[in-house]
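>>> What follows is a predicted protein model with its sequence.
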Amino acid sequence: MTEPARPTDPLFLQARAIKIAVVCCAVVLVGFALWALKRFLEPFILAIFLLLMIDGMARAIIKRAPRLSELAATAIAVVFIVALFGFTIWLTVGNAGDFAAHLPEYTFKLDLMLEDVSARLGLSTTPTSDQLIRQFNPGRYAGAIGKALRNGSEASVLTLIYLGFLLASRRGFEAKAREIFGTSTRRQEANRVFDRIRNGVESYIWVQTVVGAMIAAGSAIVMWAVGLSHIGFWALIIFLANYIPAIGGAIGVLFPAVFGLVELEGWWRAVVLVVAMEAIHFVVNHVVQPRMQGKSLNVDPLVVLLALAFWGALWG
């Protein structure tokens, strides 16, 4: 009968070092695989995310309308998600055309603002918007923008394809789970983990949706009060940006604030717009959202920031 290895034995220390090295190598290889396959994994993960949204919405519909079948509730949820995406695209395209039509007016106001800033700073020469655009040289970014649009289009198509196959194969999930997890104990544990993940994702979506709607509604009231145009478009941008953890809401309110500097008459309106929208974001994000997260989620904000930094570095 052999004695168990002691923590101070050389063989034990060597085995422990080998185990740590294997784990580190496995983590590095998995990270590299995720980075190398991000073009294919990103649409798949997004499709799973949309599937969880559709599934949660379908279960909510069945809860409020028990007579509906699961297929009908799923169809309603899919139609709602597709209609939401279609509305977003329609609103974006329509406002982009309006922006282009008023571009000369915005350019003139930008030149006046540059003249005012130059006079206040005592500059001998006043730069114009055309000079700034030439110095910026947007042509050098055309290739990167075109590549990003192409990759985004491909990712959107792949996401819809993945989502279609996931919806079609939902009925076979239970049979596949019985084959993968042989015993009932393992199946119960897998179901418990899946339910926890699904409930966590649904709770996060619910919290971010309510918080985003509150920030977008408050910002829309402020934009209407100061006379900013394209309120619906900017409110949609703020609402969608809020789904990015921690920094999304703060970034979303900056877009209409910067646009207000060019469109609004007088500096005071732009200042009021920036201060009021940032105040709304601060109050909702630091008072309302923590209370909602404390009731529905158990997530440390530091973990959220670290996860955001990790996945941002890995997948962009």
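Here it is on my side, so go on.
>>> only C-alpha atoms for contact and neighbour calcs from this point on.
OK.
>>> which residues touch Leu163?
Phe44, Ala47, Ile48, Leu50, Leu51 (C-alpha atoms under 8 Å, 6 or more residues apart in numbering).
>>> so what pLDDT did the first one get?
Reading off the confidence values, Phe44 has pLDDT 86.
>>> Over to Ala217?
The model's pLDDT for Ala217 equals 90.
>>> Relative to Asn285, how far out is it?
14 Å (C-alpha to C-alpha, to the nearest Å).
>>> Glu265: which of the contacts of Leu163 is nearest?
Leu50 (42.2 Å; C-alpha to C-alpha).
>>> what residues are up against that closest one?
Per C-alpha under 8 Å, 6+ apart, neighbours of Leu50: Leu163.
>>> got it, and Ala257?
Contacts of Ala257 (C-alpha under 8 Å, 6+ apart): Ala270, Leu273, Val274.
>>> quick one: pLDDT of the first one?
Predicted confidence (pLDDT) at Ala270: the value is 78.
>>> just the last one next, same as before
You'll see Val274 listed with a pLDDT of 82.
>>> Kindly report the same for the one 4 residues further on.
Among the per-residue scores, Glu278 holds a pLDDT of 83.
>>> Provide the secondary structure category for His286.
helix (DSSP: H, G, I helix; E, B strand; the rest coil).
>>> hang on, the earlier thing: just the contacts of Ala257: which are in strands?
Among the contacts of Ala257, DSSP state E puts none in strands.
>>> re earlier: in helices, which of the contacts of Leu163 fall?
Members of the contacts of Leu163 lying in helices (criterion: DSSP state H): Phe44, Ala47, Ile48, Leu50, Leu51.
>>> Which of the residues you listed sits closest to Ala313?
Distances from Ala313 to those, taken by C-alpha to C-alpha, are shortest for Phe44, at 18.7 Å.
>>> what pLDDT does Pro24 get?
Quick fix: residue 24 reads Cys, not Pro. So Cys24 comes in at 86 (pLDDT).
>>> measure the residue most central in space within the chain to Ala307 for me?
The centroid of the chain falls nearest to Ile244 when counting by C-alpha atoms, centre = their mean (3.9 Å). In this view, Ile244 and Ala307 are 12 Å apart by C-alpha to C-alpha.
>>> and if you look at Arg187?
Counting by C-alpha to C-alpha - Arg187 and Ala307 are separated by 29 Å.
>>> and those two? which has more neighbours close in?
Arg187 (17 against 13; other C-alpha atoms under 10 Å).
>>> which one is that one nearest to, not counting chain neighbours?
Phe181 (5.4 Å; C-alpha to C-alpha, 6 or more residues apart in numbering).
>>> Could you report the separation of that neighbour from Glu154?
35 Å.
>>> same check, this time on Leu261
Leu261 is 35 Å from Glu154, by C-alpha to C-alpha.
>>> Please identify which of the two sits among more neighbours.
Between Leu261 and Glu154, counted using other C-alpha under 10 Å, Leu261 has the larger neighbour count: 21 against 14.
>>> Leaving out sequence neighbours, find the closest residue to that one.
Ala270 is the one closest to Leu261 (C-alpha to C-alpha, 6+ apart), at 5.4 Å.
>>> try Leu158
Pro43 (5.9 Å).
>>> Could you do Ala217 as well?
Nearest to Ala217 is Ala235, by C-alpha to C-alpha, 6+ apart, at 7.2 Å.
>>> any idea which helix or strand comes after the host helix or strand of that neighbour?
Element membership of Ala235, judged by DSSP states H and E, is helix 231-241. Next in sequence after helix 231-241, counting helices and strands by DSSP H and E, comes helix 248-252.
>>> Run through the neighbouring helices and strands of that next one.
Identification of packing neighbours for helix 248-252 by 3 or more C-alpha pairs under 8 Å, 6 or more residues apart in numbering; DSSP states H and E yields helix 231-241, helix 267-283.
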